[in-house]
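**Q** below is the sequence, then the predicted model.
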Amino acid sequence: MKTRIFLSMTMFILFIFGVVPKVSGKVIDRVVAVVNNEPILLSEVDSKCKYALEQVPASMSLDKAAEERRKIRLDTLDTIIDETLMQQQIKKHHIEVKDEEVERYISMIKSEHNLTDEQFAMALKQEGMTMESFKARQRKQIEKQKLLGREIQSKLKVSEKDIEQYYRQHYMTEAGSEKVKASHILFSVPPDATKEQQEAIYKKAKEVLAKLRAGADFAEMAKKYSDDPSASTGGDLGWFRRGDMVASFEKAAFSLKKGQVSDLVKTRFGYHIIMVKDRASDKPPALDKVSMEIRRRLTKELEGRLMRNWLDDLRRHSYIEIKL
């Protein structure tokens, strides 16, 4: 009995300090980081970046491949550390999300996409999710939104001067007169999607792209497959100018000729397939016509910067040890 207790304690100590025994010469798992005494395991990192690790070319030299895999793991670990810090702050400030809040969010999604309960359940099943797992994921998202609202909401202020400056830089230039009329198909990738879910979404996007290349109607494909509210109108986004969309989406759209369809375009929202329906140039719109849109865009950008600054400050005041 004493021997078993001693061995159990020994294994616990070895685990805490990242020293995990090998079986047949293969490492089972180990601690790759500690965030305020909370360990992060290699298995957790690898499960979140497995798809990226598998994309490292087999033709790459062993040294370069090992370096690339380490970089992928470090980038993933960095994201997990941010998530861990936020979860710790959520617990510290006793942030809770009521069931009614989650239900309201789900009702909003159903309404936006005009889905019945049965259609919504089927959509979740196709993504490899249950209603319970979807609710748990959304609960975490709402918790983070409440946390960030608590920490940065008071600083989210965009002045009229900021709006005017953005207008001059993005609308009053030669490039600012260009605009495109486009449609898109969005394959949404949730921020906390599992490796399996990411792979399934990417595979579906590639299959739809192949159908379009084979001559399928873009609008019909958008109505059937797009996760964006524009699906109901065949993915139509109308006219937009430079600066109206996220950078990677905008770069792809403005590089296409009339009638061309893009390859898969990755943004923070997921994968897009873009078709440019027309291109034109005209005088920039009046400031009062676009000021609200500029304000929303600048607020979103400021929110991202404030969040990053807050997380960086949180890191400086936390104990973080990386062992990868």
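**A** Ah, there it is.
**Q** where do the strands of the chain begin and end?
**A** Per DSSP state E, the chain carries strands over the ranges 22-23, 26-27, 31-35, 38-41, 178-188, 236-241, 265-267, 270-281, 320-322.
**Q** just checking, what packs against the last one?
**A** Using 3 or more Cβ pairs under 8 Å, 6 or more residues apart in numbering; DSSP states H and E as the contact definition, the elements that strand 320-322 packs against are strand 31-35. The C-beta positions use only the backbone N, C-alpha and C, and glycine is treated the same way.
**Q** returning to what we had before: for K258, which of the strands of the chain is the nearest?
**A** Across the strands of the chain, K258 has its closest neighbour in strand 270-281 (5.6 Å, Cβ to Cβ).
**Q** where are the low-confidence patches of the stretch 101-250 of the chain?
**A** For the stretch 101-250 of the chain, residues meeting the criterion pLDDT under 70 lie at 174-176, 192.
**Q** looking at the strands of the chain, spot the one closest to K224.
**A** Minimum separation from K224 across the strands of the chain (Cβ to Cβ) falls at strand 178-188, 9.0 Å.
**Q** helices or strands up against the closest one?
**A** Here strand 178-188 touches helix 195-213, helix 218-225, strand 236-241, helix 247-255, strand 270-281, going by 3+ Cβ pairs under 8 Å, 6+ apart.
**Q** list the buried ones in it?
**A** Buried residues in strand 178-188, counting neighbours by 16 or more other Cβ atoms under 10 Å, are found at K179, V180, K181, A182, S183, H184, I185, L186, F187.
**Q** tell me what the fifth one is bridged to.
**A** The reference is to S183. With DSSP bridges as the criterion, S183 is bridged to D236, M275.
**Q** show me what contacts it?
**A** With contact taken as Cβ atoms under 8 Å, 6 or more residues apart in numbering, S183 is in contact with F218, A219, A222, S230, G234, G235, D236, L237, I274, M275, K277.
**Q** just give me the closest of those to A253.
**A** Checking these one by one against A253 (Cβ to Cβ), the nearest turns out to be I274, at 5.3 Å.
**Q** need the contact list for that closest one.
**A** By Cβ under 8 Å, 6+ apart, the contact set of I274 is A182, S183, H184, F249, A252, A253, L256, V261, S262, V265.
**Q** mind running it again at 7 Å?
**A** By Cβ atoms under 7 Å, 6 or more residues apart in numbering, I274 lies in contact with A182, H184, A252, A253, L256, S262, V265.
**Q** burial measure for the spatially closest residue to it that is not a sequence neighbour, as a count.
**A** With sequence-adjacent residues excluded and distances taken as Cβ to Cβ, 6 or more residues apart in numbering, I274 is closest to S262, at 4.2 Å. By other Cβ atoms under 10 Å, the residues close to S262 number 19.
**Q** make TSV from the strands of the chain and add distance to M292 to it.
**A** Formatted as TSV, those follow (distance: least, Cβ to Cβ, whole Å):
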stretch	distance to M292
strand 22-23	60
strand 26-27	55
strand 31-35	40
strand 38-41	42
strand 178-188	18
strand 236-241	15
strand 265-267	22
strand 270-281	23
strand 320-322	40
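**Q** mind checking which of the ones you listed is nearest S159?
**A** When the strands of the chain are compared by Cβ to Cβ, strand 236-241 sits nearest S159, at 22.3 Å.
**Q** can you list contacts of the closest one?
**A** Outside of strand 236-241, the residues within contact range by Cβ under 7 Å, 6+ apart are G176, E178, K179, V180, K181, A182, S183, H184, S230.
**Q** coming back round to it: so which of the contacts of I274 is the closest to D99?
**A** Nearest member of the contacts of I274 to D99, counting by Cβ to Cβ, is H184, at 34.4 Å.
**Q** brilliant, that's me finished.
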